[in-house]
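Asker: Sharing a sequence plus its predicted fold:
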Amino acid sequence: MNRVLFIAINFFLTLPALVPVAYADEERMPNMPIIHPKKIYSVPSEAAGADLLEQRGYGDKEQAVKMMNLMMVEGSGYVGMDMRNMKMESDKPTVAMNNQKENKTSVVEMGKKPINAGNYNVDLTQSPAPAQVGANVYEFTVTDPKLNQPVLGLKLKAEVSMTSMDMGTDTPKVKEPKPGHYQVKAVFSMKGPWALKIILPNGERIFPVNAVNSAP
């Protein structure tokens, strides 16, 4: 019993001596870069701030930022990966889906035929075509087949995810720039198979997309 107490007391007496060593190791670490804001925007609400970010995006680094957010924030299992040597756009040739050439591949000919989702038809068009690495704007209409006219004011949601690996799920905002005409911006952070899901009040539609590198 006395021996056990001696070991415990000795441990707690030794522990404070080890703490300064740990702090000293932290002090010897190189200074981490600090990002300073170049411009500050004042917005009246969180929703207004989200709209501003949606409009401005991240410029030519948007696909890289989206990938980092999905991998690090969404917790897709890639936390801790060394990203320094990872190329966002590989130069290695890949086999496009359906055995088509990469620069002509778009898995779904969107906009050619309305697709039924619950009680609605979804007529989706794609820009650019084929889908490219980076930001892609999709415009679509939702029509009531009984009335044969667009449905206005729907509260739609969208999800973007890669189907060949777990990269997390992005949830871009769906806008209605014109009555009955909806728009969503999907960012594909790397080339390969993706899925764009449109969530309606009474169902959902999933559109497979094969993103390719943009032309040089």
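Answerer: All right, it came through fine.

Asker: what helix or strand is residue 175 on?
Answerer: Using DSSP states H and E, residue 175 sits within strand 174-178.

Asker: now stretch 120-139: mean pLDDT?
Answerer: For stretch 120-139, mean pLDDT rounds to 85.

Asker: And that stretch, end to end?
Answerer: 16 Å (CA to CA, to the nearest Å).

Asker: So for it, what gets flagged as buried?
Answerer: 120-124, 126, 130-136, 138-139 (16 or more other CB atoms under 10 Å). C-beta here means a position set from N, CA and C on the backbone, and glycine is covered the same way.

Asker: all strands for this structure, in order.
Answerer: Taking DSSP state E as the criterion, the chain carries its strands at 115-117, 120-127, 134-144, 149-150, 157-162, 169-170, 174-178, 181-188, 192-200, 203-211.

Asker: Tell me which of these sits nearest to residue 45.
Answerer: Among the strands of the chain, the nearest to residue 45 by CB to CB is strand 174-178 (17.0 Å).

Asker: Would you mind putting the CA coordinates of the closest one into CSV?
Answerer: What follows is strand 174-178, C-alpha atoms only, in CSV (Å, rounded to 0.1, in the frame of the first residue of the first chain):
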residue,chain,number,x,y,z
VAL,A,174,-32.2,27.2,-54.7
LYS,A,175,-33.4,30.6,-56.0
GLU,A,176,-36.5,31.6,-58.0
PRO,A,177,-35.2,34.5,-60.2
LYS,A,178,-38.5,34.4,-62.2
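
Asker: Of the strands of the chain, which is nearest residue 47?
Answerer: The closest of the strands of the chain to residue 47 is strand 174-178. By CB to CB, the value is 12.7 Å.

Asker: who's in contact with that closest one?
Answerer: With CB atoms under 8 Å, 6 or more residues apart in numbering as the test, strand 174-178 has contacts from 152-154, 156-158, 182-184, 198.

Asker: Below-threshold pLDDT in this structure: ranges please.
Answerer: Scanning the chain for pLDDT under 70 picks out 1-33, 35, 52-118, 126, 215-216.

Asker: any idea how far residue 197 is from residue 188?
Answerer: Going from residue 197 to residue 188 by CB to CB, to the nearest Å gives 14 Å.

Asker: more neighbours, these two?
Answerer: Using other CB atoms under 10 Å, the more surrounded residue of residue 197 and residue 188 is residue 188, with 26 against 15.

Asker: Look up which residues are beta-bridged to the closest residue to that one other than its chain neighbours.
Answerer: In this structure, residue 188 finds its nearest non-sequential neighbour in residue 211, 3.9 Å apart by CB to CB, 6 or more residues apart in numbering. Taking DSSP bridges as the rule, residue 211 bridges to residue 192.

Asker: mind giving me the domain ranges of this structure?
Answerer: 2-53, 97-211 (automatic domain parsing).

Asker: still on that earlier bit, quick one, which of the contacts of strand 174-178 are buried?
Answerer: Buried by 16+ other CB under 10 Å: 156-158, 182-184, 198, out of the contacts of strand 174-178.
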